[in-house]
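A.B. asks: Model the following, please.
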Amino acid sequence: MIRCSIDDIDMWNKYKHESKQTICIIGVLTLSVKLCKADGHFSEQEELEILKIVPHEAQQKNILKKIIAEANNDINPIEHDAKNLKILLKDEHPEFLEFIIAVLYRLAHSDSVYSKSEDDDIREVAKIFGITKSTSEIILEFFSKIFNKIKMLILKKEKINA
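C.D. replies: Residues are numbered from 1 along each chain as shown. Below you'll find the model as predicted:
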């Protein structure tokens, strides 16, 4: 289990003066940590999976680990973070909200233990985000969109090279 000596913290209050993009990333990291804690066990494997979510340079890894440790001690429930993220993003980026649900689903399975508490949290976050599709539908649609974009890029490149 990941342990940290940081006192309880309110992530949204601490980082409220950062840029929208930074707050968004911190919000996703916080949701991720809280979901991984939902089954009562936050492992190093889960921390590594969370780090894979955010593209970063090697020198940024320690900063992300610090944020993850702070999120591990955040005083608010996962619903609080989901509501704040939804308010921050408004209805401008529904695909990103679906992506977050897909990421949470992936994280919930990363330790090979998918608990009812994790499932409940994912469903609650999806509800707050206004996503009414099942998790599997969201994941399937998300990856279908990605594969279609890749396919289009390949076709475009083949036309250019022809």
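
A.B. asks: Mind checking the pLDDT average for the one helix or strand Lys159 maps to?
C.D. replies: Using DSSP states H and E, Lys159 sits in helix 135-161. Helix 135-161 carries an average pLDDT of 73.

A.B. asks: what does stretch 118-132 give?
C.D. replies: For stretch 118-132, the per-residue pLDDT averages 90.

A.B. asks: Now it: buried residues?
C.D. replies: 118, 121-122, 125-126, 128-129, 131 (16 or more other CB atoms under 10 Å). In short, each C-beta sits where N, CA and C put it, glycine included.

A.B. asks: between those residues, which is closest to Glu79?
C.D. replies: Ile128 (6.4 Å; CB to CB).

A.B. asks: Now do Gln21 against Val113, distance only.
C.D. replies: Using CB to CB, to the nearest Å, Gln21 is found at 32 Å from Val113.

A.B. asks: and these two? which has more neighbours close in?
C.D. replies: Val113 (12 against 8; other CB atoms under 10 Å).

A.B. asks: where in the chain is pLDDT low?
C.D. replies: 1-7, 133-136, 138-140, 143-144, 147-148, 162 (pLDDT under 70).

A.B. asks: Helices of that one, start to end?
C.D. replies: In the chain, the helices defined using DSSP state H lie at 11-14, 20-37, 44-53, 61-72, 78-89, 94-109, 116-129, 135-161.

A.B. asks: Output the contacting helices and strands for the shortest one.
C.D. replies: Using 3 or more CB pairs under 8 Å, 6 or more residues apart in numbering; DSSP states H and E as the contact criterion, the elements in contact with helix 11-14 are helix 20-37, helix 61-72, helix 78-89.

A.B. asks: closest to Ile154 out of those?
C.D. replies: helix 20-37 (29.1 Å).

A.B. asks: The residue nearest the centre of the chain and Glu49, how far apart?
C.D. replies: Nearest to the mean C-alpha position of the chain, counting by CA atoms, centre = their mean, stands Val28 at 4.0 Å. From Val28 across to Glu49, the span is 13 Å (CB to CB).
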